[in-house]
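Engineer: the following block contains a protein sequence and its predicted model.
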Amino acid sequence: MKNRRVNKQVVLIFIAFLMLTATVLPLPIAAQEEISVFNDLANYDPPPIGHRNYFVGANYLPHMHWVVESLTHYFQNNGTYVPGIAEEWELSEDYLTFTLKLREGVKFHDGTEFTTKDVEATFYCLYPRMDRPWYFISEIEVVDDYNMIFHQSEKTDRVQFYVLWHYQYVPYSQYGQFSDRVKAKIAEGYSIFSDPEEFEDIKNELFDYRPDEAIGTGPYKEQSIAETEIVLEKHEDFWNGVPPIDEIHIQNVKSPDVAWSLRLAGEVDWMWETPTPEQLDELETKPFAELIKIARPMGPAIYFNHRIFPLNVKEVRQAIAHAMNRTELAYIQYPIGGVPEEYITGGSSAYLPVVVNQSFMDEYVTNFRYEYDLEKAEDKLDGLGYTKGADGIYVTQNGTRLEFELLSAGDWLVAEATEAVAAMLEQVGIKCTVRIIDPGVMAATDGPFYLGNYDICAFFGIGGHAFIFEEALIKYNLVYPGCGFPVMQSVPWLPEPVNVSALRQRIDLFPAEVTQTELNEIYAILVYVWGDQLPAIGLFTRPVIIMLNKQKFAGWPSPEDTIYWNSLSSYAAHGRSYLFRWFMLKPLLQLTVSVEPSEGGTISPTAGTYPYMKGETVTFTATAGSGYNFDGWELDGVQVSTSSTYTVTMDMSHTLEAAFSGIPAPPPPYELYAAAIVIVVVVIVAAVYFLRK
């Protein structure tokens, strides 16, 4: 009984010892996966001022390009599309139907499936805004959940562009309440172009709508929106897989100085800006910054209300062109090197050799330089019989003063450059009062530019010739008849006037119905009309510096990949989404590799700290040195293999150690043991002998 009690005490003491050990000794902790974060900046107002309504431009929150997405990715530089949530499409040979097939199984962030119903909802919500594609679309036919047909009232390839790339798609669950009503009105026979009042209530309610959350099919969804920061988290059910970057943080920074301090400190992973020369010099010294410079073939232009006298007189517009120093204006706005327009022909001068040949350039385009020349400007006005008043401002024969309002949003042409335009014009006797308005108001479809509520206006106006001709000769002139430029125009080599708006529409039929010769003739006519009549005066184009944080992320397209980077000349945020939707961009993780002891052997690749992209695998080989054995590999302190080779998967940052141990010395040979025994025996015998003696 006593022995049992003793045994029980021993067991209890042993258990207590184990419990004490457990509280003192650290237990192995499973490695926690790192959260990878892409950091960006924006200047935004949080809700309720900032909003998620895709159809209202002003105060649209800056994170939406990651949340809602277009059907494909479009490389503007070569005109190719990458299939995304649209898998297949076809423009018919007669250019009158566009067939679309959606990818099956694409999920919105709320778990519902993306179908043709959502495409319909998006397009019918565009209808009250009189958006450009509805100028061509006669009907949207839904075949089933994944197939639909856009029937076109005119032959064009522009519907394809708008459907596949220009717009991002929102869910019917949020916007069906408006799109269904628009669809019903159209079914009753009403048209936004002839009966806009029938859609006014729907339009107002749509524009006033403020969703409580953004729901899209994009790779990221909202986690939180606050005064200081927007946080997005990866969409685990994204159609292209699980995004490799876990979160996107968009810091709300209203001060340009603070924004630059964050960029210079490496706390921002992306920049698409035009810095000052000093800022660029400092940025070039930063080891994390990879810089790519693109010449953005887009820039501001001066538009005229052609319904106002005497702005409807081409010599007045030509005088204004000669009065503006475009080089000076370019450097006021972009001191790192704005590029003044060499020729005033609508599109960027860099693209002129693409649309007209050298002989046409030599005969006609050379006259459209409109170099800065105050004397020529005044000669144009004097030639009209205008005279200067006592204050130096020109007056027409009927007493109309050349005094106008110059409207600008301060984004395409900054306030300093706009004021400089007014000062330049006043030098030749044209007085302008500058009025700066909110960019969102300026760009709104019911704003002063689209509706023509201006005298002279500084707005976007340089790009590719086909694009600018469409914007100014069709969109701004017919869909939103703001500038009032006459569509019937004459050129010296044709006996009769031509309809320039109709000619522009024919460009979209190349090569199906327009031959190369016909296309060349169309471009020649439009270039000449623009250069002679000046519906708008292009000023300069913008240089852009793109900064990438190469120490945190890999997978950026090479700086030599001009197809990608130059496609960001417009749609910058829209185009950047490609890097996230197709997982081009991956976080860099650190792998620290060591040898213990350092003299125990070698490994290949050698010891050190290396950056690897998330998901990358790296194989190491260990070779023991003389006198050592290889014991195995320890990953994050845990032995994982005794093989001489080991492959690490970079799912997080890791430490890897190759462990070696010394080889024990071999036992002495048999003869040494025998000799030692003999010596011991002799010593013992001698000791006994002497002790006895």
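Structural biologist: Here it is on my side, so go on. Numbering: from 1, shown residues only.
Engineer: the helix or strand of the chain with the lowest mean pLDDT: what's the following helix or strand?
Structural biologist: For the chain, scoring each helix and strand by mean pLDDT, DSSP states H and E identifies helix 2-24 as the least confident one, at a mean of 46. Using DSSP states H and E, the helix or strand that follows helix 2-24 in sequence is strand 37-42.
Engineer: list the strands paired with that following strand, with their directions.
Structural biologist: strand 247-252 (parallel) (DSSP bridges).
Engineer: all strands of the stretch 301-450 of the chain, in order?
Structural biologist: 339-340, 387-388, 394-395, 403-408, 431-436 (DSSP state E, counting those that start in this stretch).
Engineer: would you mark the buried spots in the last one?
Structural biologist: For strand 431-436, burial by neighbour count (16 or more other C-beta atoms under 10 Å) applies to 431, 432, 434, 436. From N, CA and C alone the C-beta is placed, and that goes for glycine too.
Engineer: will you turn these into a markdown table that also has distance to residue 273 and pLDDT?
Structural biologist: Converted to a markdown table, those look like this (distance: C-beta to C-beta, whole Å; pLDDT from 0 to 100):
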| residue | distance to residue 273 | pLDDT |
| --- | --- | --- |
| 431 | 34 | 98 |
| 432 | 29 | 98 |
| 434 | 25 | 98 |
| 436 | 21 | 97 |
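Engineer: how about TSV for the residues you listed, with distance to residue 235 added?
Structural biologist: Below are the buried residues of strand 431-436 laid out as TSV (distance: C-beta to C-beta, whole Å):
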residue	distance to residue 235
431	55
432	50
434	46
436	40
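Engineer: now, the most widely separated pair of those residues?
Structural biologist: Farthest apart among the buried residues of strand 431-436 by C-beta to C-beta are 431 and 436. That separation is 17.3 Å.
Engineer: what is the nearest of the buried residues of strand 431-436 to residue 156?
Structural biologist: Minimum distance to residue 156 across the buried residues of strand 431-436 is 36.2 Å, recorded for residue 436 (C-beta to C-beta).
Engineer: wait, is residue 126 part of a helix?
Structural biologist: Yes. Counting by DSSP: H, G, I helix; E, B strand; the rest coil, one finds residue 126 located in a helix.
Engineer: i'd like the first residue to be 714 from this point on
Structural biologist: In the new numbering, first residue 714, that becomes residue 839.
Engineer: excluding its backbone neighbours, what's nearest it?
Structural biologist: residue 847 (6.6 Å; C-beta to C-beta, 6 or more residues apart in numbering).
Engineer: what do you get for residue 1142?
Structural biologist: With sequence-adjacent residues excluded and distances taken as C-beta to C-beta, 6+ apart, residue 1142 is closest to residue 1107, at 4.2 Å.
Engineer: what about residue 1000, neighbour count?
Structural biologist: By the criterion of other C-beta atoms under 10 Å, residue 1000 has 8 neighbours.
Engineer: dump stretch 782-801 to CSV, restricted to CA.
Structural biologist: Output of stretch 782-801 as CSV, limited to C-alpha atoms (Å, rounded to 0.1, in the frame of the first residue of the first chain):
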residue,chain,number,x,y,z
GLU,A,782,-13.5,45.7,-64.8
SER,A,783,-13.8,45.8,-68.5
LEU,A,784,-14.4,42.7,-70.6
THR,A,785,-10.9,42.5,-72.0
HIS,A,786,-7.6,44.3,-72.0
TYR,A,787,-6.8,46.6,-74.9
PHE,A,788,-3.3,47.5,-76.1
GLN,A,789,-3.9,50.9,-77.7
ASN,A,790,-0.5,50.9,-79.2
ASN,A,791,-1.2,48.0,-81.6
GLY,A,792,-5.0,47.7,-81.4
THR,A,793,-5.1,44.1,-79.9
TYR,A,794,-7.4,42.8,-77.2
VAL,A,795,-6.6,40.2,-74.5
PRO,A,796,-9.7,38.0,-73.7
GLY,A,797,-10.9,38.4,-70.1
ILE,A,798,-14.5,38.1,-68.9
ALA,A,799,-15.3,38.2,-72.6
GLU,A,800,-13.9,35.1,-74.3
GLU,A,801,-14.9,35.5,-77.9
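Engineer: how far away from the center of its chain is it?
Structural biologist: 14 Å (C-alpha atoms, centre = their mean, to the nearest Å).
Engineer: which residues does the residue lying closest to residue 1087 once chain neighbours are set aside contact?
Structural biologist: With C-beta to C-beta, 6+ apart as the measure, residue 1141 is the residue that lies nearest to residue 1087, at 5.5 Å, once sequence neighbours are left out. By C-beta atoms under 8 Å, 6 or more residues apart in numbering, the contact set of residue 1141 is 1032, 1036, 1087, 1090, 1091, 1094.
Engineer: now the second one, nearest residue through space, not along the chain?
Structural biologist: It stands for residue 1036. Spatial nearest neighbour of residue 1036, excluding adjacent residues (C-beta to C-beta, 6+ apart): residue 1090 at 4.2 Å.
Engineer: try residue 1256
Structural biologist: residue 1050 (5.1 Å).
Engineer: any idea how far that neighbour is from residue 748?
Structural biologist: Per C-beta to C-beta, to the nearest Å, residue 1050 is found 40 Å from residue 748.
Engineer: what about stretch 793-812, how long is it end to end?
Structural biologist: 17 Å (C-alpha to C-alpha, to the nearest Å).
Engineer: run through who's touching it.
Structural biologist: 782-788, 813-816, 819, 827, 860-865, 868-870, 872-873, 876-878, 882, 930, 952-953, 1221-1222, 1225-1226, 1291, 1294-1295.
Engineer: of those residues, buried ones?
Structural biologist: 782-788, 813-816, 819, 827, 861-863, 865, 868-870, 872-873, 876-878, 882, 930, 952, 1221-1222, 1291, 1294.
Engineer: cross these against helices and list the overlap.
Structural biologist: Counting by DSSP state H, the buried ones among the contacts of stretch 793-812 place 872, 873, 1291, 1294 in helices.
Engineer: now the residues you listed as TSV including distance to residue 988 and pLDDT?
Structural biologist: Formatted as TSV, these follow (distance: C-beta to C-beta, whole Å; pLDDT from 0 to 100):
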residue	distance to residue 988	pLDDT
872	38	95
873	37	95
1291	24	94
1294	28	96
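Engineer: name the nearest residue to the spatially most central residue of the chain, sequence neighbours excluded.
Structural biologist: In the chain, the C-alpha nearest the mean C-alpha coordinate belongs to residue 1286, at 2.3 Å (C-alpha atoms, centre = their mean). Spatial nearest neighbour of residue 1286, excluding adjacent residues (C-beta to C-beta, 6+ apart): residue 778 at 4.5 Å.
Engineer: now for the one you found, how many residues are close by?
Structural biologist: Counted by other C-beta under 10 Å, the residues lying close to residue 778 total 21.
Engineer: what pLDDT does it get?
Structural biologist: Looking at residue 778, its pLDDT is 94.
Engineer: against residue 1246, how distant is it?
Structural biologist: Distance check for residue 778 against residue 1246: by C-beta to C-beta, it reads 37 Å.
Engineer: what does residue 854 give?
Structural biologist: Taken as C-beta to C-beta, the span from residue 854 to residue 1246 is 41 Å.
Engineer: what's around residue 1271, how many residues?
Structural biologist: Neighbours of residue 1271 (other C-beta under 10 Å): 9.
Engineer: do the same with residue 1101
Structural biologist: Neighbours around residue 1101, by other C-beta under 10 Å: 15.
Engineer: so it bridges to which residues?
Structural biologist: Counting by DSSP bridges, the residues bridging with residue 1101 are residue 1107.
Engineer: what about the contacts of stretch 793-812, which are in strands?
Structural biologist: Using DSSP state E to define strands, the subset of these located there is 785-788, 813-815, 860-865.
Engineer: the more surrounded of residue 854 and residue 1246?
Structural biologist: residue 1246 (17 against 12).
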